[in-house]
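K.L.:
can't give you the sequence, but here's the structure:
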């Protein structure tokens with residue numbers, strides 16, 4: 001890895017994908033040269049695009065390259081997130097915003113059809129994180145946001161318990177009590 005500061009002063013780390021110091025130094029010099037050029041010429045202007053606009057473009061892209069289940073998942077995640085990020089500019093969405101959303105989703109309790117209450121499974125929240133990751137990666141690929149501004153990259157989902165609790169049915173309970 002090599003470390004350098006970008007044109008905004010933010011510390012960036014990149015893999016050099018090499019094992020020799022000489023090659024790594026050349027790569028670091030290249031990064032520093034690119035930063036200096038951006039400072040001299042002026043930082044690249046990224047388009048003023050909202051999360052809502054990105055969502056529409058990403059869904060068109062998703063329909064073209066992904067299967068129907070992935071596109072359905074993306075649509076569902078976008079619907080869940082739209083109330084939070086809809087009108088916000090992509091450059092205003094930070095890692096803590098994504099982390100707050102994922103934490104809130106992980107603690108959400110919903111009512112099932114039978115009236116019981118259940119918490120959203122950690123696996124569901126992880127799938128939502130993956131969908132958001134794909135959206136923001138698409139935004140970087142399309143140069144809507146700089147690579148250093150990926151808000152989902154380090155967001156984590158709390159791992160849930162893998163032990164499932166099972167309750168005894170009334171007949172099982174009676175049978176167990178008779179045996180004891």
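P.N.:
It's in. Since the structure is predicted, the reported quantities are computational estimates derived from the model, not experimental observations.
K.L.:
Show me where this structure has its strands.
P.N.:
Using DSSP state E, the strands found in the chain span residues 2-5, 11-14, 109-111, 117-119.
K.L.:
got the ones you listed as TSV, with mean neighbour count columns?
P.N.:
All C-beta spots, glycine's among them, are computed from the backbone N, C-alpha and C. Shown next, in TSV, are the strands of the chain (neighbours: other Cβ atoms under 10 Å):
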stretch	mean neighbour count
strand 2-5	14
strand 11-14	12
strand 109-111	8
strand 117-119	11
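K.L.:
Which among those is found nearest to residue 99?
P.N.:
Closest approach to residue 99 among the strands of the chain (Cβ to Cβ): strand 117-119, 18.2 Å.
K.L.:
mind listing what the closest one pairs with, with the direction of each?
P.N.:
If you go by DSSP bridges, strand 117-119 pairs up with strand 109-111 (antiparallel).
K.L.:
buried sites along stretch 73-84?
P.N.:
73, 74, 77, 78, 81 (16 or more other Cβ atoms under 10 Å).
K.L.:
so which pair among these is furthest apart in space?
P.N.:
73 and 81 (12.5 Å).
K.L.:
Spit out the residues that contact these two alike.
P.N.:
Counting by Cβ atoms under 8 Å, 6 or more residues apart in numbering, residue 73 and residue 81 have no common neighbour.
K.L.:
on that earlier part again, can you put the buried residues of stretch 73-84 in JSON lines and add distance to residue 65 and pLDDT?
P.N.:
Below are these laid out as JSON lines (distance: Cβ to Cβ, whole Å; pLDDT from 0 to 100):
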{"residue": "73", "distance to residue 65": "14", "pLDDT": "89"}
{"residue": "74", "distance to residue 65": "11", "pLDDT": "90"}
{"residue": "77", "distance to residue 65": "17", "pLDDT": "90"}
{"residue": "78", "distance to residue 65": "16", "pLDDT": "92"}
{"residue": "81", "distance to residue 65": "21", "pLDDT": "90"}
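K.L.:
quick one: which of these is nearest to residue 27?
P.N.:
residue 74 (34.6 Å).
K.L.:
contacting residues for the closest one?
P.N.:
By Cβ under 8 Å, 6+ apart, the neighbours of residue 74 are 58, 59, 62, 66, 131, 134, 135.
K.L.:
at 10 Å what do you get?
P.N.:
55, 58-59, 61-63, 66, 128, 130-132, 134-135 (Cβ atoms under 10 Å, 6 or more residues apart in numbering).
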